[in-house]
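Trainee: The sequence and its predicted three-dimensional model are supplied below.
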Amino acid sequence: MADDDLSTVLNGVGPRLRALRRERGTTLAQLGESTGISVSTLSRLESGGRKPTLELLLPLAKAYGVPLDELVDAPATGDPRVHMRSYQRHGMTIVPLTRHLGGLHAYKQIIPPGRQQTGELEQRVHEGYEWLYVLAGRLRLRLGEHDLVLGAGEAAEFDTRTPHGWASAGPEAVEFLSIFGQQGERMHVRARPSGQ
């Protein structure tokens, strides 16, 4: 790898780390606790003030549940398959369906059986736009003042600055796809091929 290429790869690590941390809703302090890396080192890594090393990147890849080559944006090998590695969050299994940290992010999420929540759902807000598509089971979506139940084959989309949260609406497992984009990004669906 040429020096210019190496420099470009290393300079891109910080913004990718920051984007991943924000996407996961993690603070520097929380990340420091789970990795053993000081908050100041994490902050300098994200801002580009500290060079990424294996000593720093390996615990971060483990904490985020992503391959190391995703953190450094390793060149593609020509294999288009996404090698999915699931992780657990809030009692759900989350399977990333996209490889790169930029642009839209797609996930398959699975809420195990017996995780039905009938009371108040915790709602969160953050920058972005989200689409949900239920594959199996019934998903309870609390969106602002609305309390909705989505069944298999139903979809929802919303601005994530609206308070939102979801849980299982029944005793069975729920499987759904989630596509998340930064603010201003929208999914475009073409109803028919162009030129017709």
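Mentor: Great, that's in hand.
Trainee: secondary structure class for the residue nearest the centre of the chain?
Mentor: Closest to where the C-alpha atoms of the chain average out (C-alpha atoms, centre = their mean) is Glu23, at 5.5 Å. Counting by DSSP: H, G, I helix; E, B strand; the rest coil, the backbone at Glu23 sits in helix.
Trainee: For the closest residue to it other than its chain neighbours, list the residues it contacts.
Mentor: Nearest non-adjacent residue to Glu23, counting by C-beta to C-beta, 6 or more residues apart in numbering: His105, 6.8 Å away. To be clear about C-beta, it is placed using only N, CA and C from the backbone, and glycine gets the same treatment. Applying C-beta atoms under 8 Å, 6 or more residues apart in numbering to His105 gives the contacts 23, 96, 98, 179-181.
Trainee: after the worst-scoring helix or strand of the chain on mean pLDDT, next one along is what?
Mentor: Least confident helix or strand, the chain: helix 68-72 with a mean of 77, by mean pLDDT, DSSP states H and E. The first helix or strand that comes after helix 68-72 along the chain, using DSSP states H and E, is strand 87-89.
Trainee: Help me confirm that the residue nearest to the centre of the chain comes into contact with Ser178.
Mentor: No. Contact criterion C-beta atoms under 8 Å: Glu23 and Ser178 do not qualify, at 11.8 Å.
Trainee: From the contacts of His105, pick the one nearest Leu121.
Mentor: Within those, the smallest distance to Leu121 is 18.4 Å, found for Phe180 (C-beta to C-beta).
Trainee: next one: the helix or strand hosting that closest one to chain centre, how far?
Mentor: Phe180 belongs to strand 174-181 when assigned by DSSP H and E. With C-alpha atoms, centre = their mean, to the nearest Å as the basis, strand 174-181 stands 10 Å off its chain's centre.
Trainee: what sits against Leu135?
Mentor: 108, 152, 175-177.
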